[in-house]
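Asks: One predicted model, sequence on top.
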Amino acid sequence: MNLHLSSIIVQTARNLKHTWGTQLMTLITVSLSVLMFSFFFLIFLNLKQAGGQISKNIRLIIYLNNDIPAAAQPQYIQKIKSFNKVDKIIFKTRNDALRQLRQQLGKDGDVLDDLTAGFLPPSIEVYPARDLVSLAKIKRFSDFLATLPGAQKVQYGHKWIERLSYFTQLIRLIVLLSGGLLVLTATFMVSSTIRLTVVSRNDELEILHILGASKSYLQMPLIIEGLLQGVIGSGIGLLCLYFLFNYIRSRFTGPGLMSIIHFSFLPPPTTAAILIISILLCTTGSIISIRKFLRF
Amino acid sequence: MNLHLSSIIVQTARNLKHTWGTQLMTLITVSLSVLMFSFFFLIFLNLKQAGGQISKNIRLIIYLNNDIPAAAQPQYIQKIKSFNKVDKIIFKTRNDALRQLRQQLGKDGDVLDDLTAGFLPPSIEVYPARDLVSLAKIKRFSDFLATLPGAQKVQYGHKWIERLSYFTQLIRLIVLLSGGLLVLTATFMVSSTIRLTVVSRNDELEILHILGASKSYLQMPLIIEGLLQGVIGSGIGLLCLYFLFNYIRSRFTGPGLMSIIHFSFLPPPTTAAILIISILLCTTGSIISIRKFLRF
Amino acid sequence: MNVQQSKTAIIEFIKVNKIYPPDVIALRDVSLAIKPGEIVFLTGMSGAGKTTLLKLICAMEQPTKGLIEVAGHDLGRISLKNMQLVRQKIGMAYQDFKLLPKLTVYQNIAMPMEITFTPPKTIRDRINYLLDTLNLHGKADIKPDKLSRGEQQRVAIARAAANYPPILLADEPTGNLDRENSDLVIKLFAQLNRAGTTLIIATHDPVLYKSYPAQTLELSQGQFVFKDQATPKTATGE
Amino acid sequence: MNVQQSKTAIIEFIKVNKIYPPDVIALRDVSLAIKPGEIVFLTGMSGAGKTTLLKLICAMEQPTKGLIEVAGHDLGRISLKNMQLVRQKIGMAYQDFKLLPKLTVYQNIAMPMEITFTPPKTIRDRINYLLDTLNLHGKADIKPDKLSRGEQQRVAIARAAANYPPILLADEPTGNLDRENSDLVIKLFAQLNRAGTTLIIATHDPVLYKSYPAQTLELSQGQFVFKDQATPKTATGE
Ligand SMILES: Nc1ncnc2c1ncn2[C@@H]1O[C@H](COP(=O)(O)OP(=O)(O)OP(=O)(O)O)[C@@H](O)[C@H]1O
Ligand SMILES: Nc1ncnc2c1ncn2[C@@H]1O[C@H](COP(=O)(O)OP(=O)(O)OP(=O)(O)O)[C@@H](O)[C@H]1O
Ligand SMILES: [Mg+2]
Ligand SMILES: [Mg+2]
């Protein structure tokens, strides 16, 4: 058995030596594919998170004709929640609004001292749940809120919410599209590289087969090769991604910036999945080449 | 000469017929590479444009102790412009500020009627030139503006400017990085596919060469092949990009949204350049295979 | 009805047909039985079906019709594992050599022994012996495409003979060899035969099959030429 | 000093050496002169350098030292364009055939004529004639790898002869052929020779070179065997 093993290792080493050009090409192909794929997956993950954080900042303000008595508030809350999930609802009386204006004016706020609390409208601030990112949904929600009893008009945030939401959407679409494109390309690249390798190895395998090589003698070197390629290729790809990630993060660790988007690397299970899938892909690809000789 | 031409066309057709598998693979490779590259180039171009539009919205407000007399304004303008290019400078007196507050309060604005114009500070609004996108630069500009005579404090926009600028920067970095990655991958893919094709054709070309085929007889089919591959491959790639572009645009043609970012396709010269470069690449790649036989 | 013969035959064909698609009839109702230790020459014009017959024995081609038994195994109903074991018992020197272009001469000859996990020392001794016997000294570490055609042919023969196979099939083994080198090959074959190897040699070289005291089967258009006997005879085609 | 001979010779070697890296001396100070219309047999043991000599004539290999002139051109100082023109005048049947695997038999034989832009009708007639002459009827539209080895060899010969080349080099042309088919090949060669073709045939088949009234050059370890003459003689090695 020892002899078998050493013979198979010799065979593998010989293969690698003779086809190192193609092997290297396949390796780079795998690395680049894994890098590209995981890069976009990482962007997508972080974007999803960022989307959640941005939508946290969205609020809809319902200006009312009159203050709502504390007793009526649960009714309003129930109504609002019935239409859409909501994170937080804040009721503001005329007095609250005045206090806010005073704050905004800063030290000049004391000019408002003489005024009665009457001239600013009371309001309800609604912070929708994080899943509410699409602008269309926000609009629909706002339209609904305008139908609440006593509602004067509904303002949903400033223009920047609109823009951010728009931006997020656009970027998400682009990430999805280019991600899809990349997965397509990566799959095509890996499979076409393997196909060419298989074709070039056809004659050799056929000769070994008619010389009487056993299934394991034919298969083992290819399995080991695929394994090595999968491990090394995706390893290099993920390592590159990690350095890239750290580079990007280090460039954006200004004060106050980190608080907006929280960067995170691929979770370990995802990393493991990428590794395992690449190994399987490479091994299967390599083994396909003996399929026609061995009926299995 | 007619005989020559027809013979060469026959030869090309035969080649294409016998190697259609590899040819198709190369074609798809070229298409995907062109698609990916031009896709990212398109995103980059549009992003650059968008960046310009966003920075248009940035303004710095300098709150002053006292109104600046019209006579002193040119001096201020000159000082500000000496530090940074500026699009627009607006001087606001106390009265202007009050009028603005009144507008903000809407129909409740009449409560301010009794107030003197004294409690709101006068200000200068500075709209920096479009190249000022980086947050660090804005901060530096703001610090400078705070040193102007009579300046109380400088506010540069709302939080959303910070965020948008941050976002734009991040996306630009990501687009650049993934673009670089893609160009790398595309180059590698095309060259490795061509390398494998060349290797597989080596024997055939050698035989034709020792049979006495002339340089043009050997070269022409390869040139035609490369030409076809370049034209069709990049054509398909660009066509796909065009459809993709239209799809994205159609998804984002909500009212008011188009005004923020103006989408535009690759300009015709760029399209032409991509086409020509792919054709040259494919043709050169194909011809390389006879280099070792023909000393040229 | 030929139970006894079938029992003792190491190679047996019964009414074997081989038709290459679409309609090239390479072998037509061929029957033969070869006993262990026999030497059989296979002759016939170019295109008569010699190579096809040899390829059927080592299962490189499947018959369109008929039964083939090699070393007691029905090749039509054999498992992959057993087929490979049967192939390990057959050494074949192909007409187009089928050398592995990326391996050296040494590694090419070693291959059948490596496949059967022969200890390295045994491999080394055997290869050195074969290289000496076949006049290939100094070519051990060269790739086949740097050899002359006749040298390649001898490497193919060395590989076929390397593992002391119970069955050795040689397809036109002297087609590229001069008389002197042909004699070396014949000597090697005779040596193997004395040790028990069954030999089937396809050739059109009269010197080879006339000078050697062995049976000669002549193929013509896929059939054996002497067809006066109704039942398969030992080492005689029907 | 042999100016006159050099003038009339279509192929001339002067002190040609060929050393394959690192140190395989395939030809050693070989000189020869062959006049147009001659037939020369090249014999010698396997590895003697026959193929190397033929490859030098069609410029597939470059000599390490020495001068080679073919059809009036010094192969060491020839332009690519002229080299291809010289090659078009040489038909070579390679020992390993060098058929184009993706083309049919018909297209393979047509290739030298297509390269010289021969009209399609002429090509068709010539190929049909060659297929008939060499006993290859019905194989026109088949790819080479579906042919028997001897059939492939005849295709290679047909291709070499297709374009009525002034020089025809045949490397072991009957190695895979039976007597009958060999005779067909010899007949074709004789026919070409009558029309003016210079023939150089490398072979180890005594039947071939003994039965035919032509000069025989014997190589041994890269040198001609009969070296009693000091100056190159017509069709005689030195
Ligand atoms: N793979 C194939 N596909 C189709 N036809 C084939 C194939 N191999 C051989 N043939 C045909 O089968 C017939 C017998 O071929 P085979 O190779 O057995 O002949 P052979 O006796 O070995 O001839 P040679 O002496 O030329 O080697 C020939 O007519 C040949 O053209
Ligand atoms: N490409 C090569 N590289 C290195 N050595 C070579 C190469 N081709 C041939 N040789 C060596 O040169 C010598 C002469 O080879 P050549 O092919 O000319 O012999 P040959 O006379 O044609 O023999 P055969 O009858 O076997 O075909 C041999 O020893 C061979 O091993
Ligand atoms: Mg044969
Ligand atoms: Mg030779």
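Replies: Done, it's in. Numbering: from 1, shown residues only, chains lettered A, B, ... in the order given. Ligands and ions are numbered 1, 2, ... in the order given.

Asks: tell me the phi and psi of residue A:249?
Replies: Per-residue torsions, residue A:249: phi -60, psi -40 (degrees, to the nearest 10).

Asks: need the contact list for it.
Replies: residue A:263 (C-beta atoms under 8 Å, 6 or more residues apart in numbering or on different chains). Every residue, glycine included, has its C-beta placed from N, CA and C.

Asks: Now do the same for it: its pLDDT.
Replies: For residue A:249, the pLDDT comes out at 79.

Asks: which residues sit against stretch A:77-91?
Replies: With contact meaning C-beta under 8 Å, 6+ apart, stretch A:77-91 is reached by A:56, A:68, A:73, A:76, A:122-132, A:137, A:141, A:144-145, A:148.

Asks: What distance do you get for the residue of the stretch 101-250 of chain A found nearest chain C to residue C:92?
Replies: At 3.3 Å from chain C, residue A:212 is the closest residue in the stretch 101-250 of chain A, using C-beta to the nearest C-beta. Look at residue A:212 and residue C:92: by C-beta to C-beta, to the nearest Å, they are 10 Å apart.

Asks: Could you do residue A:190 as well?
Replies: Taking C-beta to C-beta, one finds residue A:190 at 37 Å from residue C:92.

Asks: Residue in chain A with the shortest distance to ligand 2?
Replies: Scanning chain A for the residue nearest ligand 2 gives residue A:18, at 18.1 Å (criterion: C-beta to the nearest ligand atom).

Asks: Quick check: that residue touching residue C:102?
Replies: Yes - with contacts counted by C-beta atoms under 8 Å, residue A:18 reaches residue C:102, the gap being 4.2 Å.

Asks: sec struct for residue A:48, please.
Replies: Under DSSP: H, G, I helix; E, B strand; the rest coil, residue A:48 falls in the helix class.

Asks: Quick one: low-confidence residue ranges for the stretch 51-200 of chain A.
Replies: A:51-58, A:101-102, A:104-120, A:130-136, A:156-168, A:171, A:194, A:196-197 (pLDDT under 70).

Asks: ranges for the strands of it?
Replies: Using DSSP state E, counting those that start in this stretch, the strands found in the stretch 51-200 of chain A span residues A:60-64, A:86-92, A:123-128, A:151-156.

Asks: Which of those sits closest to residue C:25?
Replies: strand A:123-128 (81.2 Å; C-beta to C-beta).

Asks: anything in the closest one near chain B?
Replies: No - figure legend: strand A:123-128 not in contact with chain B (C-beta under 8 Å from any C-beta of the partner chain); closest approach 12.6 Å.

Asks: near ligand 4, which residues of chain C show up?
Replies: Counting by C-beta under 5 Å from the ion, the residues of chain C close to ligand 4 are C:148, C:149.

Asks: List phi and psi for the residue in chain C positioned nearest to ligand 3.
Replies: Going by C-beta to the ion, ligand 3 is nearest to residue C:51 of chain C, at 3.1 Å. Per-residue torsions, residue C:51: phi -60, psi -40 (degrees, to the nearest 10).

Asks: pLDDT wise, what is it at?
Replies: As predicted, residue C:51 sits at a pLDDT of 95.
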